[in-house]
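Engineer: following is a predicted model, sequence given first.
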Amino acid sequence: MILNAVDKKLLEEVADLNDVPQGAYNIRKNGEGISRNTTANIDIVTKQDKQGINVIIKPNTKGESVHIPVILSKEGMNDTVYNTFEVGENSDVVIIAGCGIHNSGSKKSQHDGIHEFFVRKGAHIKYVEKHYGEGNGNGERVLNPKTIIEIEEGGTAELEMIQIKGVDQTKRDTEVILHNNARLIVTERLLTYLEQKAESNITVELVGEDSSAQIISRSVAQDNSKQIFHLNLRGYAKCRGHIQCDSIIMGNAQVSSIPEISAFHSDAQLIHEAAIGKIASDQLTKLMTLGLTEKEAEDTVLKGFLG
Amino acid sequence: MLKIIDVKVTVDGNNEKVEILKKINLALENNKIYVITGPNGGGKSSIAKAIMGIIPINGGQIILDDANITDKNITERAQLGIGYAFQTPARFKGLKVKEMLDLAAGNHKIDNCQVLFDVGLCAQDYLDREIDSTFSGGELKRIEIASILARNLKVAIFDEPEAGIDLWSFQRMTETFLKMHRKSDSTVIIISHQERILKFADEVILIEDGNVTKTTSHEEFLKEIAHLDTGCDCRNDCIKGGTYDSKCGR
């Protein structure tokens, strides 16, 4: 495997990797898999009918991780993958995805990824997805991830979805179905600036008894950027769901936060909280009385908020 | 030494300008505790905010150790060693107690655990907590005071530190102020109505209607309050001597 300096930088940004990861991994670069490792419990197989891989985690696999970063360093790439994760019963694993684009040309680079998860009975996954773009060219960097998750009885999925830098356009779709006693925790962090556009759609279907979902979405929109959030909880049984959607708006940015909660059962308990506003001036004043400049105070508030 | 000379603050009212500070003159020395007291709306917090630079002044000068800081902004005054514990502290989503204390301390290294202990909080429970809406008013207030204790200040201002603090912790808080007083050379300014805080003032400053109406010792001041409370003119001289709960048999 040949990893040049740009590739390494992208890997570090999206997967906190300085080099080849430990455990199972599959690294995809410019539309093809360039490196893979499997373990006794985690197998990775290339799909035959389309671009993408199947990641098969054996039941009772504990404490292992899977890294599946994607890097695009060529301009004009249009890469599409479909990855399927079979997370075996009672396993407990961390899956680190993420896509980094380095576009120094003038043509658009785009990566559309569909990630489909089957979290089997009693299994627990933590899924981390970071998106990052860089490069001096004016070619657009576009990322459109779709995440589909089905959580079986007693299973838990924790999702961390982070996009802090350099992605010009993104449309993120997340669809989750929860069965009995299944839990979902989503943490979304989004920062847009300049002319960037981001849209995040999350639909959670609470089908099973005592299922629960918590979505915490925090975003910062700067300059002329635009953000749209459609967060939707649907309760079909005795269940609990809570959405907290907070946005800080700055400059000439635009943010729309469109909540939707629907209950189809009298014991469904669903809450949606959404707020959009400037950085509170009492926060800035407090930090300035500690000796920070206004700019430093602003950065401190934003860093904490997105941290 | 902090000198406030002829300081005026004017704000826009409904139809006219309202003078909230009329012509304040104070000379506050190092290593002394000053308690500012007086009726609500009299201008106590405005003086504190004018010293910190949070509200602009419309006349007069503020001098810190012979340097004129009248035109300095909040950040510059903070860097020169002025600190202000807000009456109603801000909450921060995502900022942890330890991050706040580290920002407050700057380059001067402090023991976070000790600082939290001084405001009656257990470091283990609090250092990693975010200063958000999960904090009660009293907890928030203590963190605010801790953020001032963490600094190395020439002038430390506390705006009604007792508000929201329960009685048990109140004792510990007064000890903390006295400890700060013994350990450092700071000018400590406390805005308060509490008799127990008034008691350890070197000087009590009474602010009413935008003016300093009296600067006195706490003994004198408490005597006068007792007198005002009962409306008894002879109280100060009578045999029972103006104690708080004595009864006049006249």
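Structural biologist: Alright, I've got the coordinates.
Engineer: and residue 99, how many neighbours?
Structural biologist: Just going to use chain A. When neighbours are defined as other C-beta atoms under 10 Å in any protein chain shown, residue A:99 has 29 of them. Any C-beta I mention is one placed from the backbone N, CA and C, and that applies to glycine too.
Engineer: my bad, the chain I had in mind was chain B
Structural biologist: 19.
Engineer: residue A:136 now?
Structural biologist: Other residues close to residue A:136 by other C-beta under 10 Å number 9.
Engineer: name the nearest residue to it, sequence neighbours excluded.
Structural biologist: Spatial nearest neighbour of residue A:136, excluding adjacent residues (C-beta to C-beta, 6 or more residues apart in numbering or on different chains): residue A:104 at 5.4 Å.
Engineer: my guess is the one you found meets residue A:135, correct?
Structural biologist: Yes. The pair residue A:104 / residue A:135 is scored as a contact, 4.2 Å apart, by C-beta atoms under 8 Å.
Engineer: neighbour-wise, which of those two wins?
Structural biologist: Neighbours per residue, other C-beta under 10 Å: of residue A:104 and residue A:135, the larger number sits with residue A:135, 18 against 15.
Engineer: break down chain B into its strands, ranges please.
Structural biologist: With DSSP state E as the criterion, chain B has strands at B:2-12, B:17-28, B:33-37, B:61-64, B:67-68, B:82-85, B:155-159, B:187-191, B:203-208, B:211-216.
Engineer: what do you get for the stretch 101-250 of chain A?
Structural biologist: A:109-119, A:124-134, A:141-151, A:156-165, A:169-178, A:183-192, A:197-206, A:211-221, A:226-235, A:239-249 (DSSP state E, counting those that start in this stretch).
Engineer: neighbouring strands for the next helix or strand after the last one, and are they parallel or not?
Structural biologist: With elements assigned by DSSP states H and E, the helix or strand that comes after strand A:239-249 is strand A:254-263. Strand A:254-263 has the following sheet partners, assigned by DSSP bridges: strand A:226-235 (parallel).
Engineer: could you export the strand it pairs with as CSV, CA atoms only?
Structural biologist: In CSV, the C-alpha atoms belonging to strand A:226-235 read as follows (Å, rounded to 0.1, in the frame of the first residue of the first chain):
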residue,chain,number,x,y,z
LYS,A,226,-27.0,27.4,4.7
GLN,A,227,-28.1,24.5,6.9
ILE,A,228,-31.4,22.6,7.0
PHE,A,229,-32.4,20.0,9.6
HIS,A,230,-35.3,17.7,9.3
LEU,A,231,-35.4,15.6,12.4
ASN,A,232,-38.2,13.2,12.7
LEU,A,233,-39.2,10.8,15.4
ARG,A,234,-42.1,8.3,14.9
GLY,A,235,-43.3,6.3,17.9
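Engineer: in it, which residues are buried?
Structural biologist: Buried residues in strand A:226-235, counted by 16 or more other C-beta atoms under 10 Å in any protein chain shown: A:226-227, A:229, A:231-235.
Engineer: with pLDDT added, can I get these in JSON lines?
Structural biologist: JSON lines is the format used below for the buried residues of strand A:226-235 (pLDDT from 0 to 100):
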{"residue": "A:226", "pLDDT": "97"}
{"residue": "A:227", "pLDDT": "97"}
{"residue": "A:229", "pLDDT": "96"}
{"residue": "A:231", "pLDDT": "95"}
{"residue": "A:232", "pLDDT": "96"}
{"residue": "A:233", "pLDDT": "97"}
{"residue": "A:234", "pLDDT": "98"}
{"residue": "A:235", "pLDDT": "98"}
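Engineer: now those as JSON lines including distance to residue A:69?
Structural biologist: As requested, the buried residues of strand A:226-235 are exported to JSON lines (distance: C-beta to C-beta, whole Å):
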{"residue": "A:226", "distance to residue A:69": "28"}
{"residue": "A:227", "distance to residue A:69": "25"}
{"residue": "A:229", "distance to residue A:69": "26"}
{"residue": "A:231", "distance to residue A:69": "27"}
{"residue": "A:232", "distance to residue A:69": "29"}
{"residue": "A:233", "distance to residue A:69": "31"}
{"residue": "A:234", "distance to residue A:69": "32"}
{"residue": "A:235", "distance to residue A:69": "35"}
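Engineer: nearest to residue A:78 among those?
Structural biologist: residue A:226 (22.9 Å; C-beta to C-beta).
Engineer: my guess is the closest one contacts residue A:252, does it?
Structural biologist: No. Residue A:226 lies out of contact with residue A:252 (C-beta under 8 Å); the separation is 9.9 Å.
Engineer: need the contact list for the residue nearest to residue A:136.
Structural biologist: A:75, A:135-137, A:139 (C-beta atoms under 8 Å, 6 or more residues apart in numbering or on different chains).
Engineer: on that earlier part again, between the strands of chain B, which one is nearest to chain A?
Structural biologist: Closest approach to chain A among the strands of chain B (C-beta to the nearest C-beta): strand B:82-85, 5.2 Å.
Engineer: show residues contacting the closest one.
Structural biologist: By C-beta under 8 Å, 6+ apart, strand B:82-85 touches A:289-290, B:48-49, B:51-54, B:64, B:144-145, B:147-148, B:151, B:153-159, B:161.
Engineer: ok, stretch B:163-179 next?
Structural biologist: B:33, B:87, B:118-120, B:136-138, B:140-142, B:145, B:149, B:158, B:161-162, B:188, B:190, B:194, B:196-197, B:200.
Engineer: regarding chain B, what is its longest helix?
Structural biologist: helix B:167-183 (DSSP state H).
Engineer: could you tell me the angle between that helix and strand B:187-191?
Structural biologist: Going by axes from the mean of the first three to the mean of the last three C-alpha atoms, to 10 degrees, helix B:167-183 is angled at 160 degrees with respect to strand B:187-191.
Engineer: only C-alpha atoms, please: export helix B:167-183 in PDB.
Structural biologist: Listed next in PDB are the C-alpha coordinates belonging to helix B:167-183 (Å, rounded to 0.1, in the frame of the first residue of the first chain):
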ATOM      1  CA  LEU B 167     -26.800  29.000  54.800                       C
ATOM      2  CA  TRP B 168     -24.600  26.100  55.600                       C
ATOM      3  CA  SER B 169     -22.200  27.000  52.800                       C
ATOM      4  CA  PHE B 170     -22.400  30.700  53.600                       C
ATOM      5  CA  GLN B 171     -20.100  30.200  56.500                       C
ATOM      6  CA  ARG B 172     -17.500  28.500  54.300                       C
ATOM      7  CA  MET B 173     -17.800  31.300  51.700                       C
ATOM      8  CA  THR B 174     -17.100  34.000  54.200                       C
ATOM      9  CA  GLU B 175     -14.100  32.100  55.300                       C
ATOM     10  CA  THR B 176     -13.000  31.900  51.700                       C
ATOM     11  CA  PHE B 177     -13.200  35.700  51.300                       C
ATOM     12  CA  LEU B 178     -11.200  36.200  54.400                       C
ATOM     13  CA  LYS B 179      -8.600  33.600  53.300                       C
ATOM     14  CA  MET B 180      -8.300  35.400  50.000                       C
ATOM     15  CA  HIS B 181      -7.900  38.700  51.900                       C
ATOM     16  CA  ARG B 182      -5.100  37.200  54.100                       C
ATOM     17  CA  LYS B 183      -3.300  35.500  51.200                       C
END
